[in-house]
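*Asks:* Pasting the sequence and the predicted coordinates here, then a few questions.
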Amino acid sequence: MDWESRLSEDDLRLFRENISLLEDQVAARFPESCADHAILAAVRKIPRHLFVHKSYRYVAYTDHALPTSGGMTTSAPSVVARMIYASGAERGDRVLEIGTGTGYEAAVLAEMGARVCSVEIDRNLCRRAKEILELLGYAGESRGDRKDPALRESRAGAGSRAGAGSGTVRLFAANGRSGLPEYGPYSAIIVAASVPSLKNVSALFPQLAERGGRLVVPVGPRHDQMLHILERKGCRLANSVLQDLSFDFIRLVGQHGVR
């Protein structure tokens, strides 16, 4: 974790003193993470307090969703672990994330060794994610509005990724509803926002790898969704639903606003 040298003493101490607490909580709430050592090992290496609003930094190592900015939240780490587990993402996979937030899930995926393309509609959040991911050495490219210097294309050199688990994150400031077909196909697509029905993410289906590509998305009413896992097998999509938990994700923004 070469990024340790870039953190202040207070940041480093906060991480070191509390990360084992977070690891224990994730393992307790999502036992399957113990069987997938890559996910839990990645969680263990991410300083989560950098990804939440500074007022909540001292509770960042509890397994709860916490505010970031603009009324947004970052999901509980056990929920992040569950969605990554459901997606089947592994080292070397190309992964599309819809809804970057401040970048915590993207950081976990990159630490696992995935090549992540992450899309965030809120440019302020995208800029914040870019800052954090570059600090930790995960950011590869960022793309956004050419009029916004903070979101112009930039490439981190190989040396800046020394702290990452050989994965990278490309950030895109855009509406992710249509995905990023030009960078596909993807072994996994994770939608970190909810939709009323699967037809709302139908544009993402062709972007899945034909053999075993998985799409993970919360589907249902505004405050009560079930996690759907769609696996592509050639021209077919097999759909399974996680029955043991309900979720409360923000809505995915459509072409004509939130739906």
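*Replies:* Sure thing, it's come through.
*Asks:* Quick check: which helices or strands does the longest strand along the chain pack against?
*Replies:* Determined from DSSP state E, the single longest strand within the chain is strand 236-247. The elements that strand 236-247 packs onto, with contact taken as 3 or more C-beta pairs under 8 Å, 6 or more residues apart in numbering; DSSP states H and E, are helix 77-87, strand 225-233. Backbone N, C-alpha and C define where each C-beta goes, glycine included.
*Asks:* Pull out the buried positions in it.
*Replies:* Neighbour-count burial for strand 236-247, with 16 or more other C-beta atoms under 10 Å as criterion, is recorded at 237, 242, 247.
*Asks:* could those go into JSON lines alongside pLDDT and distance to residue 178?
*Replies:* Compiled in JSON lines, the buried residues of strand 236-247 are given as follows (pLDDT from 0 to 100; distance: C-beta to C-beta, whole Å):
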{"residue": "237", "pLDDT": "93", "distance to residue 178": "18"}
{"residue": "242", "pLDDT": "86", "distance to residue 178": "25"}
{"residue": "247", "pLDDT": "80", "distance to residue 178": "23"}
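*Asks:* pLDDT wise, what is residue 60 at?
*Replies:* If you check residue 60, the pLDDT there is 96.
*Asks:* list the contacts for it?
*Replies:* Residue 60 makes contacts with 14, 18, 48, 49, 51, 52, 66, as judged by C-beta atoms under 8 Å, 6 or more residues apart in numbering.
*Asks:* Residue 5 - that's part of a helix, no?
*Replies:* Yes - counting by DSSP: H, G, I helix; E, B strand; the rest coil, residue 5 is located in a helix.
*Asks:* now it: how far from residue 12?
*Replies:* 9 Å (C-beta to C-beta, to the nearest Å).
*Asks:* Any regions of the stretch 151-259 of the chain where pLDDT drops low?
*Replies:* The model of the stretch 151-259 of the chain has pLDDT under 70 over residues 151-165, 254-259.
*Asks:* where do the strands sit along it?
*Replies:* In the stretch 151-259 of the chain, the segments counted as strands under DSSP state E, counting those that start in this stretch are 154-155, 168-173, 188-191, 211-219, 225-233, 236-247, 253-254, 257-258.
*Asks:* so can I have CSV of the helices and strands packed on strand 236-247 showing distance to residue 178 and mean neighbour count?
*Replies:* Formatted as CSV, the helices and strands packed on strand 236-247 follow (distance: least, C-beta to C-beta, whole Å; neighbours: other C-beta atoms under 10 Å):
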stretch, distance to residue 178, mean neighbour count
helix 77-87, 19, 24
strand 225-233, 17, 19
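*Asks:* Run through the helices of the protein in chain order.
*Replies:* For the chain, the helices defined by DSSP state H occupy 9-29, 32-35, 37-44, 77-87, 104-111, 123-136.
*Asks:* List the buried residues in stretch 201-217.
*Replies:* Going by neighbour count (16+ other C-beta under 10 Å), the buried part of stretch 201-217 is 201, 204, 207, 208, 209, 213, 214, 215, 216, 217.
*Asks:* report the angle between the axes of the longest strand of the chain and strand 211-219?
*Replies:* Per axes from the mean of the first three to the mean of the last three C-alpha atoms, to 10 degrees, the angle that strand 236-247 makes with strand 211-219 is 40 degrees.
*Asks:* tell me the angle of strand 236-247 relative to helix 77-87?
*Replies:* Counting by the same axes, to 10 degrees, strand 236-247 points 170 degrees away from the direction of helix 77-87.
*Asks:* Give the pairing partners of strand 236-247; include direction for each.
*Replies:* Strand pairing for strand 236-247, using DSSP bridges, gives strand 225-233 (antiparallel).
*Asks:* for the residue nearest the centre of the chain, what are its contacts?
*Replies:* Central residue of the chain (C-alpha atoms, centre = their mean): residue 105, 2.8 Å from the mean position. Neighbouring residues of residue 105 by C-beta under 8 Å, 6+ apart: 75, 80, 83, 84, 97, 190, 192.
*Asks:* ok, the residue lying closest to residue 63 once chain neighbours are set aside - contacts?
*Replies:* Leaving aside its chain neighbours, residue 63 sits nearest to residue 25 (3.9 Å; criterion: C-beta to C-beta, 6 or more residues apart in numbering). Under the criterion of C-beta under 8 Å, 6+ apart, the neighbours of residue 25 are 62, 63, 77, 78.
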